[in-house]
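Novice: Need coordinates for the below:
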Amino acid sequence: MYLIRLALASLANRRFTALLTVFAIALSVTLLLAVERVRHEARASFASTISGTDLIVGARSGSVNLLLYSVFRIGNATNNIRWDSFQQIAQQPQVKWAIPISLGDSHRGYRVMGTSGAYFAHYRYGRGQPLVLAEGRAFADDPFEVVLGAEVADALDYRLDQELVLAHGVATLSLVKHDDKPFRVVGILARTGTPVDRTLHISLAGMEALHVDWQNGVPARGAARVSAEQARALDLTPSAITAVLLGLNNKIATFALQRSLNEFRGEPLLAILPGVALQELWSLMGTAEQALFVVSLFVVLTGLIGMLTAILTSLNERRREMAILRSVGARPWHVASLLLLEALALALAGVLSGLALLYLGIALAQGPVQAHYGLYLPLVAPSAYEWTLLGVILLAALLIGALPAWRAYRQSLADGLSIRL
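Specialist: Just a heads-up that it's a prediction; the model follows:
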């Protein structure tokens with residue numbers, strides 16, 4: 001017990017250096033735990049981008065590509081699905097609900113998605129959470145109505161009843177705009193932290209109305225153009241869509257229906273399990289994820305090496321202190337234990353300060369991070385894995401502290417009393 005008091009008194013005597021060392025360790029511990037929290041929550045958020053959907057069906061390509069454009073609105077489909085094929089799929093006895101998706105247009109860098117009312121009724125994210133309208137309503141009979149994702153509304157400062165013009169294609173700057181067919185904002189979705197926030201939702205009829213007078217990817221000119229009022233009077237049933245989200249009556253039928261759709265005779269289709277495709281996509285990013293973790297570990301190691309440097313630097317200045325301790329009866333192992341306790345005290349203070357900084361940072365950044373990045377960082381106790389990491393840090397501090405302790409152990413009584421020039 002007296003060694004602990006002596007170690008604390010010694011650190012208090014060198015409080016400025018000790019505080020700097022504790023601060024360096026605390027910052028490195030905070031970074032390590034913050035990276036670990038973000039990795040864990042990002043993976044959970046990534047996996048919960050879509051839930052409750054049993055199958056995603058699109059044109060035959062790759063599972064990751066299908067997932068990217070149908071769920072994350074990244075990239076484009078290699079081909080479309082005919083409308084009659086969608087109707088056959090939706091009428092399968094195993095299918096409980098089907099959400100058609102049509103992509104292709106954009107608005108100021110944000111993707112436009114055509115869908116049906118089933119989207120608002122059945123689409124789920126997170127832990128089965130439904131879509132909620134923060135303002136307004138879903139689109140109805142008028143084809144020129146749009147429901148905005150939360151990020152679109154916030155970033156572009158759109159409000160209900162405001163008109164906007166969609167652009168052809170998905171480029172940030174499009175030269176071809178549907179100026180003759182403006183859309184009116186009728187609803188704004190609550191924030192979800194998923195790609196839904198970055199999407200403009202219109203009806204399939206609205207998507208068809210935009211291109212009703214287009215031929216071979218080129219808008220009509222002159223008298224051949226169809227106005228918005230004229231488009232409202234036309235049959236706006238789509239001829240093709242991009243993908244389909246399916247919910248089944250029985251989960252057991254998932255694999256049988258997947259195989260059936262992959263062998264669909266009408267046209268080449270691909271049906272994927274969202275969870276499997278998400279894991280496959282996440283595995284592609286595993287290298288970067290691990291690299292980030294390794295970098296944070298090296299930061300912790302840097303903090304511990306700083307502690308070693310501080311103890312070794314002070315060791316030469318404390319030769320007389322060690323000699324006095326030896327002269328009053330302290331044995332070599334007492335001196336070595338004193339330095340080990342100092343290293344442990346510095347590391348423990350750094351770990352506790354790091355935890356405090358972590359929770360302070362989470363408390364301050366929790367709202368903005370969730371609002372801007374859709375990443376929820378809960379204020380929960382450290383997990384078993386995090387406690388293990390902290391234990392490893394303390395053990396590493398003891399091992400690193402063993403070097404100055406060994407040097408002090410070998411130092412003789414006369415060494416501390418002699419004068420060095």
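
Novice: Can you tell me what sits against stretch 262-269?
Specialist: 57-60, 79, 81-82, 84-85, 88, 261, 270-271 (CB atoms under 8 Å, 6 or more residues apart in numbering). To be clear about C-beta, it is placed using only N, CA and C from the backbone, and glycine gets the same treatment.

Novice: Check stretch 277-289 too.
Specialist: 39, 43, 46, 47, 49, 50, 56, 63, 64, 66, 67, 68.

Novice: Which entries within those residues meet the buried criterion?
Specialist: Buried members of those, counted by 16 or more other CB atoms under 10 Å: 46, 49, 50, 56, 63, 66, 67, 68.

Novice: Would you mark the buried spots in the helix or strand where residue 260 lies?
Specialist: In this assignment (DSSP states H and E), residue 260 forms part of helix 254-262. Using 16+ other CB under 10 Å as the burial criterion, the residues of helix 254-262 that qualify are 254, 257, 258, 261.

Novice: Can you flag the buried ones in the contacts of stretch 262-269?
Specialist: By 16+ other CB under 10 Å, these give 57, 58, 59, 81, 85, 261, 270, 271 as buried.

Novice: can you pull the contacts of the last one?
Specialist: In other words, residue 271. Here residue 271 is in contact with 55, 56, 57, 246, 257, 258, 261, 262 (CB under 8 Å, 6+ apart).

Novice: could you check the distance from it over to residue 290?
Specialist: 32 Å (CB to CB, to the nearest Å).

Novice: Same check on the second one?
Specialist: Residue 58 sits 31 Å away from residue 290 when distances are taken as CB to CB.

Novice: swap in residue 38?
Specialist: Counting by CB to CB, the gap from residue 38 to residue 290 is 14 Å.

Novice: Tell me how the protein divides into domains.
Specialist: 2-46+286-417, 55-272 (automatic domain parsing).

Novice: Output those as a markdown table; include the columns distance to residue 278 and mean pLDDT.
Specialist: Output for these, formatted as a markdown table (distance: least, CB to CB, whole Å; pLDDT from 0 to 100):
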| stretch | distance to residue 278 | mean pLDDT |
| --- | --- | --- |
| domain 2-46+286-417 | 7 | 74 |
| domain 55-272 | 7 | 88 |
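
Novice: Just the closest of the buried ones among the contacts of stretch 277-289 to residue 380, please.
Specialist: Nearest to residue 380 among the buried ones among the contacts of stretch 277-289: residue 46, at 19.1 Å, using CB to CB.

Novice: Tell me who's in contact with that closest one.
Specialist: 278, 282.

Novice: what helix or strand is it on?
Specialist: With DSSP H and E as the test, residue 46 turns up in helix 15-47.

Novice: Residue 270 too?
Specialist: strand 269-272.

Novice: and the top helix by length along the chain, how far out from the chain's middle?
Specialist: Scanning the chain for the helix with the most residues, using DSSP state H, yields helix 332-373. Relative to its parent chain, helix 332-373 has a centroid offset of 25 Å by CA atoms, centre = their mean, to the nearest Å.
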